[in-house]
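> Just to be clear, the model below is a prediction. Sequence and coordinates:
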Amino acid sequence: MFRPFFALLLLTIPAQADTALAAVAANFAGAATELATAYKADTGHDVQITTGSTGKLYAQITQGAPFDLLLSADASTPERLAAEGHGPAFPYAFGVLTLWAPGMAPDRDPTVTLQDVAVRHIAIANPELAPYGAATIAALKAMGFYNAIAGKIVMGQNIGQAFAMVESGAAEAGFIARSALPADAKGLIWNVSPDLYPAIRQDAILLQHGNDNPAAKGFLSYLVTPAAQAIIARYGYALP
């Protein structure tokens, strides 16, 4: 059976395995770890992962940190890096905005839930700092009741803090990243229609340090294979 040449390369264990150092946005840490394990099993190449906020990883890259590739939480940071001489960049995942209300019935109307007097606090990420926060505000305005619930909104600095407020009970509901939701989560879980907010696009980029690194280039190629995309989808992301 014919297979694309790059796929044959991925499935062939190299005579000498290489190691790549990947900078990975914190929200993608779990998926990246599983992807690196599967990639090593297929190719023998090792991908070592360092996680952090995209902004901090960008600062480290510009200060000379020896990362070979970046899996960003946005598209703008790789775009900036490409303008600085890195690249190429491409989308590897899209974030999914999800409303979570642990104390509410799973089949309850989400718009009714948000306006319920029992829901006193609705957690969101800061829209000035986080793409999920900006997406939340856009979705609420598109649904036509942002003004009705604006007084209930409490903000975390990032999507992780918004999730923590809902998980701890400090907020009865919140807009979170679907990828952060545990498999055993209870209550109302509603994925907001992607038509209601700007795409939360996450791009990957090959950095200058990885230009001659087969493990780095191979891992980026691996991200678009069906096996890798199945892993990415299982972690709660939409696919490019």
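All right, it came through fine. Numbering: from 1, shown residues only.

> only C-alpha atoms for contact and neighbour calcs from this point on.
Noted.

> And the strands in the protein, which stretches?
19-25, 46-52, 69-71, 89-95, 97-101, 122-125, 153-156, 173-177, 188-191, 200-206 (DSSP state E).

> Just name whatever secondary elements the longest helix anywhere in the chain is in contact with.
As assigned by DSSP state H, the longest helix anywhere in the chain is helix 29-43. Under the contact criterion of 3 or more Cα pairs under 8 Å, 6 or more residues apart in numbering; DSSP states H and E, helix 29-43 touches helix 5-10, strand 46-52, helix 214-222, helix 226-234.

> among those, which gets the worst mean confidence?
With a mean of 42, helix 5-10 has the lowest mean pLDDT of the helices and strands packed on helix 29-43.

> Just the CA coordinates for the longest helix of the chain, please, in PDB.
Taking Å, rounded to 0.1, in the frame of the first residue of the first chain, the C-alpha atoms of helix 29-43 are listed here in PDB:
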ATOM      1  CA  ALA A  29       1.100  20.000  28.500                       C
ATOM      2  CA  GLY A  30      -0.900  16.700  28.900                       C
ATOM      3  CA  ALA A  31      -1.500  16.200  25.200                       C
ATOM      4  CA  ALA A  32       2.100  17.100  24.300                       C
ATOM      5  CA  THR A  33       3.500  14.600  26.800                       C
ATOM      6  CA  GLU A  34       1.400  11.800  25.300                       C
ATOM      7  CA  LEU A  35       2.300  12.900  21.700                       C
ATOM      8  CA  ALA A  36       6.000  12.900  22.600                       C
ATOM      9  CA  THR A  37       5.700   9.300  24.000                       C
ATOM     10  CA  ALA A  38       3.900   8.100  20.900                       C
ATOM     11  CA  TYR A  39       6.300   9.800  18.600                       C
ATOM     12  CA  LYS A  40       9.300   8.200  20.300                       C
ATOM     13  CA  ALA A  41       7.700   4.800  20.000                       C
ATOM     14  CA  ASP A  42       7.300   5.400  16.300                       C
ATOM     15  CA  THR A  43      10.600   7.000  15.500                       C
END
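
> related to what we said a few turns ago, closest one to Val119 among the helices and strands packed on helix 29-43?
helix 226-234 (29.9 Å; Cα to Cα).

> among the helices and strands packed on helix 29-43, which is nearest Ala83?
Closest among these, using Cα to Cα: helix 214-222, at 19.2 Å.

> Now find how far off-centre the closest one is within its chain.
From the chain centre to the centre of helix 214-222 is a distance of 19 Å (Cα atoms, centre = their mean, to the nearest Å).

> re the thing from before, which of the helices and strands packed on helix 29-43 has the highest mean neighbour count?
Neighbour counts (mean count of other Cα atoms under 10 Å) averaged over each of the helices and strands packed on helix 29-43 peak at helix 214-222, with a mean of 20.

> which helices and strands does that helix pack with?
Secondary elements touching helix 214-222 (3+ Cα pairs under 8 Å, 6+ apart): helix 5-10, strand 19-25, helix 29-43, strand 46-52, strand 200-206.

> Now with 7 Å, please.
Helix 214-222 sits against strand 19-25, with contacts defined as 3 or more Cα pairs under 7 Å, 6 or more residues apart in numbering; DSSP states H and E.

> Domain map for the protein?
As recorded under automatic domain parsing, the domains making up the chain are 5-94+201-234, 97-191.

> Can you give me the end-to-end span of the last one?
So that's domain 97-191. 6 Å (Cα to Cα, to the nearest Å).

> returning to what we had before: make JSON lines out of the strands of the chain and add distance to Pro214.
Shown next, in JSON lines, are the strands of the chain (distance: least, Cα to Cα, whole Å):
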{"stretch": "strand 19-25", "distance to Pro214": "8"}
{"stretch": "strand 46-52", "distance to Pro214": "10"}
{"stretch": "strand 69-71", "distance to Pro214": "12"}
{"stretch": "strand 89-95", "distance to Pro214": "17"}
{"stretch": "strand 97-101", "distance to Pro214": "35"}
{"stretch": "strand 122-125", "distance to Pro214": "37"}
{"stretch": "strand 153-156", "distance to Pro214": "40"}
{"stretch": "strand 173-177", "distance to Pro214": "32"}
{"stretch": "strand 188-191", "distance to Pro214": "38"}
{"stretch": "strand 200-206", "distance to Pro214": "11"}
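
> Thanks again, I'm all set now.
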